[in-house]
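Participant: Provided below are the primary sequence and the corresponding predicted coordinates.
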Amino acid sequence: MNLQDYIINDITPFNVDASIKEVQVVFNQLTYSHVPVKKDGIYLGCINETDAYCFEGENTLQDYQYSLEPFFVRHTTNWLDVLEAFAQNNSNIMPVLGKDNKYIGYYELGDVMNLFNDTPFLSEAGGIIIVEKGIHDYSFSEICQIIESNDTKILGVFISKLENDIMQATIKIGHAGMNAIVQTFRRYSYNVVSSHEEDLFVDDLRKRSNYLDKYLNM
């Protein structure tokens, strides 16, 4: 996929001597969280919409240059890193710079997300398994080996959560052998977070629990 085809340049960065009132007017017309700012043709950073409405309208961006957020990506940055930049900066617009920090245009979050939607991880039919294990106890090679040893193809895997020394991985696989894969993960001491209708282990526990309830209610 050629991410550069999605560069948009219909927003001209504000010069640093522009008034805050001008910026506020533009934000009233747009749905973006930020707009870019430049000085002498060089990108300085983005002004946040919330900040723009808090500043005095008669002042200029130069008076509030300290508040500019200097995030950006290069035109050569791959789409996953671009997506990460969006998440880290809580923005729906991402300035794109070329050589010498020259502003080229920007990416829109929706366009980059649509690229992710077109990847096999989302577009191909398959099943999702979410597993947990200690952050020092798992390995991607082990996760892949567990799945492939059950004659199933991996469509994608990523770390979806890191918390309290616990890693959570979200895995997409072909439909075949879901129950066998779930059981294999458990044998390798992974906690299977996701629920699966064909999970025989859980089904057996449910039957035992129902039997115990009936016995206790006799």
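Facilitator: Received the coordinates, thanks.

Participant: for the rest of this, base every contact and every neighbour count on C-alpha atoms.
Facilitator: Noted.

Participant: show me where the protein has helices.
Facilitator: 20-29, 49-54, 79-89, 109-117, 120-123, 140-148, 178-187, 200-216 (DSSP state H).

Participant: what residue spans form the domains of the protein?
Facilitator: 3-116, 120-200 (automatic domain parsing).

Participant: looking at these, which one has the lowest mean pLDDT?
Facilitator: Here the lowest mean pLDDT among the domains of the chain goes to domain 120-200, at a mean of 87.

Participant: would JSON lines of the domains of the chain with mean neighbour count be doable?
Facilitator: Below are these laid out as JSON lines (neighbours: other CA atoms under 10 Å):
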{"stretch": "domain 3-116", "mean neighbour count": "17"}
{"stretch": "domain 120-200", "mean neighbour count": "16"}
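
Participant: for residue 39, which of the helices of the chain is the nearest?
Facilitator: helix 20-29 (15.2 Å; CA to CA).

Participant: now the closest one: how far from the chain's centre is it?
Facilitator: For helix 20-29, the separation from the chain centroid amounts to 29 Å (computed by CA atoms, centre = their mean, to the nearest Å).

Participant: over to stretch 124-140?
Facilitator: So, by CA atoms, centre = their mean, the centroid of stretch 124-140 is 17 Å from its chain's centroid.

Participant: can you list contacts of it?
Facilitator: Contacts to stretch 124-140, defined as CA atoms under 8 Å, 6 or more residues apart in numbering, come from residues 155, 162, 165-175, 178, 182, 185, 189-194.

Participant: end to end on that stretch, go ahead and measure it.
Facilitator: Stretch 124-140 has an end-to-end distance of 21 Å (CA to CA, to the nearest Å).

Participant: equivalent analysis for stretch 174-191, please.
Facilitator: End-to-end for stretch 174-191, by CA to CA: 20 Å.
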